[in-house]
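> kindly return the folded structure for what I paste below:
(4 chains)
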2 protein chains.
Amino acid sequence: MSYPVFAVTVDLVVLTVRDGELNVLLVQRGLEPHLNQWALPGGFVHADEDLTSAARRELGEETGLDGPGGHLEQLGSYGDPDRDPRGRVVTVAYLAFLPDLPAPTAGTDAAAAAWKPIGAHGLAFDHDRILADGIERARSKLEYTPLAAAFCPPEFTIAALRQVYEAVWGEKIDPRNFHRKATTTPGFVESTGRSTEGEPGRPARLYRRGDAALLNPPILRRKLDG
Amino acid sequence: MSYPVFAVTVDLVVLTVRDGELNVLLVQRGLEPHLNQWALPGGFVHADEDLTSAARRELGEETGLDGPGGHLEQLGSYGDPDRDPRGRVVTVAYLAFLPDLPAPTAGTDAAAAAWKPIGAHGLAFDHDRILADGIERARSKLEYTPLAAAFCPPEFTIAALRQVYEAVWGEKIDPRNFHRKATTTPGFVESTGRSTEGEPGRPARLYRRGDAALLNPPILRRKLDG
DNA sequence: TGCATTATCGTCAGAATGACGAGAAAAAGG
DNA sequence: CCTTTTTCTCGTCATTCTGACGATAATGCA
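Residues are numbered from 1 along each chain as shown, chains lettered A, B, ... in the order given. As a prediction, the model looks like this:
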């Protein structure tokens, strides 16, 4: 049997919220092709490695971990014949949500790693498109799942959760209506009994992520940009 | 540079509604491995071929076309190291919705092709899992998109559209409430002005698919099995 | 003490939903 | 030809959900 030969990589769209803004983890390439250009972190899948394992490994190499509060899912595959000058390379993109904590560390084949606000970057390969797809997926996921909590530390306030929505969607949300929605939607958040201390304003109750896989009813954006 | 070598295939989850039941297109394998076992249709990606083009080509080889009224989207990639005994094979799965019309024709490397009701098949490779993922995706897509119309011919009645939801979700829906929802949700369906003739009961108005990419508000299932 | 800030609770009108009644318009059958 | 059956379509009504926004609670800070 004869069939074409491919290389397979994983690329990561790692999102976090910093200072009320949605950020993505980018690396400056230390190898050809696209030397010194910014790109999504990623690398080749090893010979005896699962795709998800490869994504988790790359995530660990760049950030440290996707521990509790994080989330990792497959985003999609990209395989245009001319997307990589080295030859036929199919990449399986993964989407990760992380709390703000980690400071990125450049991997072995990267000159630098940094959080960058989402926006117009001229990324290497087809990474601009992969990033756009990841952001759109994230915006949609927040509507129907409790994954906004994946952007938060294990314990968080309703206000912190709301700021995730505001950052990812890029629109202001009424704090009173959001509070009602978050606390009454079954399985979204669970109270820990604790509260914040030392912050300005009235102390806020702390919550952890609930056990629902889907929000019912969902939290819908006002305007759909379909 | 050295890295592992892969083969890349596309596999198709082709769904349609026949006699009020959700059906999937399966082929009986004409080659090793898993000779004579039922599997999802698919094949190797050619040397100079886009992933989506490969999926469309395979769909054409098995069914004839995914013409107007149909829909094709990427479902996800599967790459466990031992998923294919021939070696390291990553498959990119695609999900297709088609109207009932076509009768399947066995491709060159298949002994047979047939529509089968979804349910417990012992499919080759990891195709049981891919099929389950495709069905779950379809159920979810009907909630938030107008893609139920992709299961219908270019002109269809509201009742036909409702039967798609009932088949895919496996639950009965009140015809009167569904009629109100379908006709008032912006961009879901557009009236053609024509009506059915010769059918029992009052003639039904015919509609075509609307131009919305997302349904707002969505059509939510009662029970979430997530 | 008074003020700014933030969290939380309540209220109210409008929209959406689920349950269901009832009429309209055709085929089918005596 | 007239009745029955079938299916489509439009209304009604109570309940729930949403968006807008007022009011109060509980803290830090001047």
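
> residues in contact with residue A:90?
A:6-9, A:77-79, B:6, B:8, B:51, B:90, B:92 (C-beta atoms under 8 Å, 6 or more residues apart in numbering or on different chains). In this view, the C-beta of every residue, glycine as well, is placed from N, C-alpha and C.

> could you do residue A:189 as well?
Residues near residue A:189 by C-beta under 8 Å, 6+ apart: A:146, A:149, A:158, A:161, A:182-183, A:207-210.

> which helices and strands does the helix or strand of chain A with the lowest mean pLDDT pack with?
Ranking every helix and strand in chain A by mean pLDDT, DSSP states H and E puts strand A:110-117 at the bottom, with a mean of 88. For strand A:110-117, the packing partners by 3 or more C-beta pairs under 8 Å, 6 or more residues apart in numbering or on different chains; DSSP states H and E come out as strand A:21-29.

> which elements pack onto the strand it packs on?
Counting contacts by 3+ C-beta pairs under 8 Å, 6+ apart, strand A:21-29 is packed against strand A:7-18, strand A:38-39, helix A:51-63, strand A:110-117, helix A:127-144, helix A:158-169.

> to residue B:137, which of these lies closest?
Proximity to residue B:137 (C-beta to C-beta) singles out helix A:127-144 among the helices and strands packed on strand A:21-29, at 12.9 Å.

> relative to helix B:127-144, how tilted is that closest one?
Angle between the axes of helix A:127-144 and helix B:127-144 is 70 degrees (criterion: axes from the mean of the first three to the mean of the last three C-alpha atoms, to 10 degrees).

> run a quick neighbour tally on residue A:208.
The tally of other residues near residue A:208 (other C-beta atoms under 10 Å in any protein chain shown) stands at 18.

> name all residues that make contact with it.
Residues near residue A:208 by C-beta under 8 Å, 6+ apart: A:149, A:154-156, A:189-190, A:192.

> over to residue A:85?
By C-beta under 8 Å, 6+ apart, residue A:85 lies in contact with residue A:33.

> let's go with 10 Å and repeat that
Contacts for residue A:85 (C-beta atoms under 10 Å, 6 or more residues apart in numbering or on different chains) come out as A:32-34, A:125.

> measure it to residue A:33 for me?
Plainly put, residue A:85 is 5 Å away from residue A:33 if you go by C-beta to C-beta, to the nearest Å.

> overlap in contacts, the two.
Both residue A:85 and residue A:33 are in contact with residue A:125, where contact means C-beta under 10 Å, 6+ apart.

> redo the helices and strands packed on strand A:21-29 as CSV? Include distance to residue B:167.
Supplementary listing: the helices and strands packed on strand A:21-29 in CSV, determined by distance: least, C-beta to C-beta, whole Å:
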stretch, distance to residue B:167
strand A:7-18, 35
strand A:38-39, 44
helix A:51-63, 32
strand A:110-117, 45
helix A:127-144, 22
helix A:158-169, 34
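
> of those, which is nearest DNA strand D?
helix A:127-144 (10.4 Å; C-beta to the nearest atom of the strand).

> okay, now the domains of chain A?
Domains of chain A are assigned by automatic domain parsing as A:7-143, A:154-209.

> mind checking the end-to-end distance for the last one?
Put plainly, it is domain A:154-209. Start and end residues of domain A:154-209 are separated by 7 Å (C-alpha to C-alpha, to the nearest Å).

> now do it, average pLDDT.
For domain A:154-209, the mean per-residue pLDDT is 97.

> pLDDT added to the contacts of residue A:90, as a markdown table?
Supplementary listing: the contacts of residue A:90 in a markdown table, determined by pLDDT from 0 to 100:
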| residue | pLDDT |
| --- | --- |
| A:6 | 98 |
| A:7 | 97 |
| A:8 | 98 |
| A:9 | 98 |
| A:77 | 98 |
| A:78 | 98 |
| A:79 | 98 |
| B:6 | 98 |
| B:8 | 98 |
| B:51 | 98 |
| B:90 | 98 |
| B:92 | 98 |
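
> buried ones among these?
By neighbour count, with 16 or more other C-beta atoms under 10 Å in any protein chain shown, those hold A:6-9, A:77-79, B:6, B:8, B:51, B:90, B:92 as buried.

> how many neighbours does residue A:191 have?
If you count neighbours by other C-beta under 10 Å, residue A:191 ends up with 11.

> go through the helices and strands packed on strand A:21-29 and name the closest to DNA strand C.
Of all these, helix A:158-169 sits nearest to DNA strand C, with 3.0 Å by C-beta to the nearest atom of the strand.

> could you export the next helix or strand after that closest one as CSV, CA atoms only?
Counting by DSSP states H and E, the next helix or strand C-terminal to helix A:158-169 is helix A:175-184. C-alpha atoms of helix A:175-184 as CSV (Å, rounded to 0.1, in the frame of the first residue of the first chain):
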residue,chain,number,x,y,z
PRO,A,175,-23.2,43.2,37.6
ARG,A,176,-26.6,42.7,39.3
ASN,A,177,-28.2,40.6,36.5
PHE,A,178,-25.0,38.6,36.1
HIS,A,179,-24.9,37.9,39.8
ARG,A,180,-28.4,36.6,39.7
LYS,A,181,-27.7,34.5,36.6
ALA,A,182,-24.5,33.0,37.9
THR,A,183,-25.8,32.1,41.3
THR,A,184,-29.2,30.6,40.1
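
> buried residues in the very next helix or strand once past helix A:175-184?
Reading on from helix A:175-184 to the C-terminus, the next helix or strand found by DSSP H and E is strand A:189-195. Residues of strand A:189-195 classed as buried: residue A:189 (neighbour count, 16+ other C-beta under 10 Å).

> does the following helix or strand past strand A:189-195 reach DNA strand C?
Later in the chain than strand A:189-195, the nearest helix or strand by DSSP H and E is strand A:205-209. Yes - Strand A:205-209 is in contact with DNA strand C by C-beta under 7 Å from any atom of the strand, via residue A:205.

> repeat for stretch A:181-190
Yes - contact of stretch A:181-190 with DNA strand C (C-beta under 7 Å from any atom of the strand) involves residue A:183.

> check which residues of that stretch are buried.
Burial within stretch A:181-190, assessed by neighbour count using 16+ other C-beta under 10 Å, is assigned to A:181-182, A:185, A:187-189.

> same question, stretch A:201-212
Within stretch A:201-212, the residues that qualify as buried are A:206-210, A:212, counting by 16+ other C-beta under 10 Å.

> go on, stretch A:42-49?
Within stretch A:42-49, the residues scored as buried using 16+ other C-beta under 10 Å are A:42-45, A:49.

> re earlier: turn the buried residues of stretch A:181-190 into CSV, columns for distance to residue B:197.
What follows is the buried residues of stretch A:181-190, written out as CSV (distance: C-beta to C-beta, whole Å):
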residue, distance to residue B:197
A:181, 48
A:182, 52
A:185, 47
A:187, 49
A:188, 50
A:189, 55
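
> tell me the one of the residues you listed nearest DNA strand D?
Nearest member of those to DNA strand D, counting by C-beta to the nearest atom of the strand, is residue A:181, at 5.6 Å.
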